[in-house]
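Asker: give me a 3D structure for the following:
(one chain, ligands or ions: 2)
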Amino acid sequence: MTNPILAVEGLTVRGHRNGSPQVILDDISLKVSVGEIAGLVGESGSGKSMLGSAIGALQPINCEITAGRILWRDRDLRGADETVLSALRGSQIAYIFQEPMTALNPTLSIGRQMVDVIRRHTDPDERSARGKALKLLADVRIDSPEDVFNAWPHQLSGGMRQRVLIAMAFSCTPALIVADEPTTALDVTVQAQVLTLLLRLARDRRTAVLLISHDIGVIRRTCETVHVMYAGRIVERGNTAAVLAAPRHPYTRALLDCLPGRVQPKTRLNALSTSQQTMPGCSFRARCQSAFNQCSEVPPMADVLSVGAAACWLTQQNPLAGELS
Ligand SMILES: Nc1ncnc2c1ncn2[C@@H]1O[C@H](COP(=O)(O)OP(=O)(O)OP(=O)(O)O)[C@@H](O)[C@H]1O
Ligand SMILES: [Mg+2]
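Answerer: Ligands and ions are numbered 1, 2, ... in the order given. Predicted coordinates:
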């Protein structure tokens, strides 16, 4: 991999639920390089948002990083000073969240919020910050930037609000944008437009994106690399086309098998077993149709034919397992 700007190494996060401790992220490693569009996919509760927020040390207050490092251009953000972290967030690492209404301040106009962010991070001059904000609103294909600049968040549609958040995310030319389900709350016809817009801006500016989605179809269409999460662990990663053409982990295969386009018309969709039972060893073991004795130990991540890596004993015994499925 060339030029990683972000290298997460062995990240473990614990939380507390109803008084009992719980491992939420378990030994996560992930790299993102300059300008890379990387996807993070997995089912609900697998830990995607927790990982996205932990990257900027924004994990919830009742959750704690207990092991690992978050290297941002070789600087470990774990335990970094809050002033360092808040200078970094927005200017180097920006976030776009799923729900645009809660991400905007309802008591301030769009223009005021944009100008404040630009002035805080890059350009203290009010007039030129205003000019930059209007230019950004035009860049996200808003037809009347002046009107939106003067509007209040509640006066805009969901799609418009998400465009505003994309403009704000790019306003300080960050090196990485963490986009957590950025289009899930939008009307299906608007989803594709907004996602295309986000990725076009990122490619034009060489901004890396970590796109979080539960939809493997979205990741397939948009991301160069993919990281598949299951129960707080990364179970497979690699070049998206290669991983999805020949998935090595049974969970990745199961995700793909659930895609409607993969089955013949009028045949039943393969639904993944809903068992969430946790057992020692491989976390997917209880749901895996190929599980065998060795799966009672946690499989390490192992390289697969130079295109990626998977944490599965079966694949390690037979590297061609995905090719043959
Ligand atoms: N504040 C918290 N305290 C304790 N546990 C939490 C907290 N927030 C999330 N969790 C737990 O962490 C796990 C991962 O949650 P997370 O929100 O990261 O999942 P996700 O993959 O983003 O799911 P979704 O697709 O639904 O957004 C879940 O088991 C969740 O219950
Ligand atoms: Mg989430």
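Asker: what secondary structure does the residue nearest the centre of the chain sit in?
Answerer: Residue closest to the mean C-alpha point of the chain, counted by C-alpha atoms, centre = their mean, is residue 212 at 2.8 Å. Secondary structure state of residue 212, per DSSP: H, G, I helix; E, B strand; the rest coil, is strand.
Asker: report the contact partners of it.
Answerer: Applying C-beta atoms under 8 Å, 6 or more residues apart in numbering, we find residue 212 in contact with 39, 40, 41, 48, 49, 52, 178, 179, 180, 181. No exception for glycine: its C-beta is placed from N, CA and C like everyone else's.
Asker: closest one to residue 197 out of the residues you listed, please.
Answerer: Among those, residue 179 lies closest to residue 197 (C-beta to C-beta), at 11.5 Å.
Asker: quick one, what contacts that closest one?
Answerer: Residue 179 neighbours (C-beta under 8 Å, 6+ apart): 95, 96, 169, 198, 209, 210, 211, 212.
Asker: roughly how far apart are the residue in the stretch 151-300 of the chain positioned nearest to ligand 1 and residue 235?
Answerer: The nearest approach of the stretch 151-300 of the chain to ligand 1 comes at residue 214, 4.7 Å away (C-beta to the nearest ligand atom). Distance of residue 214 to residue 235, computed by C-beta to C-beta, to the nearest Å: 15 Å.
Asker: buried ones in the helix or strand residue 192 falls within, by neighbour count?
Answerer: Assigned by DSSP states H and E, residue 192 belongs to helix 188-205. Under the neighbour-count criterion of 16 or more other C-beta atoms under 10 Å, helix 188-205 has 190, 191, 193, 194, 195, 197, 198, 199, 201, 202 buried.
Asker: which stretches in the protein count as helices?
Answerer: Using DSSP state H, the helices found in the chain span residues 48-55, 82-91, 100-103, 110-121, 126-139, 145-150, 158-170, 188-205, 216-222, 240-245, 250-257, 313-317, 321-324.
Asker: can you add distance to residue 61 and mean pLDDT and give these back as TSV?
Answerer: Below are the helices of the chain laid out as TSV (distance: least, C-beta to C-beta, whole Å; pLDDT from 0 to 100):
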stretch	distance to residue 61	mean pLDDT
helix 48-55	11	96
helix 82-91	13	88
helix 100-103	17	78
helix 110-121	23	94
helix 126-139	32	95
helix 145-150	34	97
helix 158-170	24	93
helix 188-205	29	91
helix 216-222	30	91
helix 240-245	34	94
helix 250-257	31	90
helix 313-317	37	85
helix 321-324	41	52
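Asker: pretty sure residue 220 is touching residue 245, no?
Answerer: No: in this structure residue 220 lies outside contact range of residue 245 using C-beta atoms under 8 Å: 10.0 Å.
Asker: which of those two has more neighbours?
Answerer: residue 220 (18 against 13; other C-beta atoms under 10 Å).
Asker: quick one: residues contacting the closest residue in space to the more buried one that isn't next to it in sequence.
Answerer: Of all residues not flanking residue 220 in the chain, residue 244 sits nearest, at 5.4 Å (C-beta to C-beta, 6 or more residues apart in numbering). Residue 244 is in contact with 216, 220, 226, 252, 256, counting by C-beta under 8 Å, 6+ apart.
Asker: drop anything exposed from these.
Answerer: Using 16+ other C-beta under 10 Å, the buried members of these are 216, 220, 226, 252, 256.
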